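Chemist: coordinates only, sequence not included:
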């Protein structure tokens, strides 16, 4: 009987520790239902997107193609700085001090626009990063729920087997002893099988401002992104092969790796909604997608870096 008492005491202690841990997590989870990643106010960007007729833009500025890459010309067009560049080229023909001063003034105007674009990139990348961390916290919470549940079931299974073994040793009647052993084995097996729940627990997770939804739907414009950033996402000339835009390539990878090439499943996913009940796999997928968009956003800095190098060559 002492063995049974000690077994129950250990079981109660372990379950109590797990319950206390979950209570702490449950209190913290309330702070994660409302996003702390969005900006404190909504900036009203001018609803003006650059021209997507890139071939026409490049043809109209063919004299720049010897000094700038096609992508640099398109960025200058998106920033509305092509006029300044043409003026600099004309002023460079005059070596007077007044012309040199004017060139520096025009370069300052261009640099100001580029600085704003860089801060927009940083802001968008920071929100993706913050949202990714927020989702990771929720994902860890659900993982802990699943782990705690499985630990409890394993403990119950061990306890059931141990009690059946002890009780079988105490009972002298063979029939009753066999019945206890069989019942204990069935109960232990049932508890063990219960741990094999592939879906696991779920938790409510709200995100009315859903950047991934804008990416997935790929509308002509998005109010949640600065027009310049959205243009860089959606213009094919800024992708590696120029066959698909950054967003289109990203969506193809999501469809294949996150949704097993199931378009209907992807369109109905909670990931692209205002939020709802998430399981651990959905949370981990959302975190991965946010991190991928953060990386894609930061790669746009490379295009702007090339533009700055081209501008320096022009001024020298």
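Modeler: Perfect, I can see it now. Bear in mind that the values here come from a model prediction, so they are computed numbers and not experimental data.

Chemist: Just the strands from this structure, written as ranges.
Modeler: Using DSSP state E, the strands found in the chain span residues 202-206, 275-279.

Chemist: my guess is residue 70 meets residue 236, correct?
Modeler: No. Here residue 70 does not reach residue 236: they are 11.5 Å apart, not a contact under C-beta atoms under 8 Å. In this view, the C-beta of every residue, glycine as well, is placed from N, C-alpha and C.

Chemist: and for the two, which residues touch both?
Modeler: Residues touching both residue 70 and residue 236 (C-beta atoms under 8 Å, 6 or more residues apart in numbering): residue 54.

Chemist: about what we covered before: which of the strands of the chain comes out lowest on mean pLDDT?
Modeler: Between the strands of the chain, the one with the least mean pLDDT is strand 202-206; it has a mean of 86.

Chemist: and the angle from that one to strand 275-279?
Modeler: 150 degrees (axes from the mean of the first three to the mean of the last three C-alpha atoms, to 10 degrees).

Chemist: one step back: next, format the strands of the chain as CSV and append mean neighbour count.
Modeler: CSV is the format used below for the strands of the chain (neighbours: other C-beta atoms under 10 Å):
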stretch, mean neighbour count
strand 202-206, 17
strand 275-279, 16
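
Chemist: will you turn those into JSON lines that also has distance to residue 75?
Modeler: Formatted as JSON lines, the strands of the chain follow (distance: least, C-beta to C-beta, whole Å):
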{"stretch": "strand 202-206", "distance to residue 75": "36"}
{"stretch": "strand 275-279", "distance to residue 75": "35"}
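
Chemist: closest to residue 145 out of those strands?
Modeler: strand 202-206 (7.5 Å; C-beta to C-beta).

Chemist: Given that closest one, what are its sheet partners and their directions?
Modeler: If you go by DSSP bridges, strand 202-206 pairs up with strand 275-279 (antiparallel).
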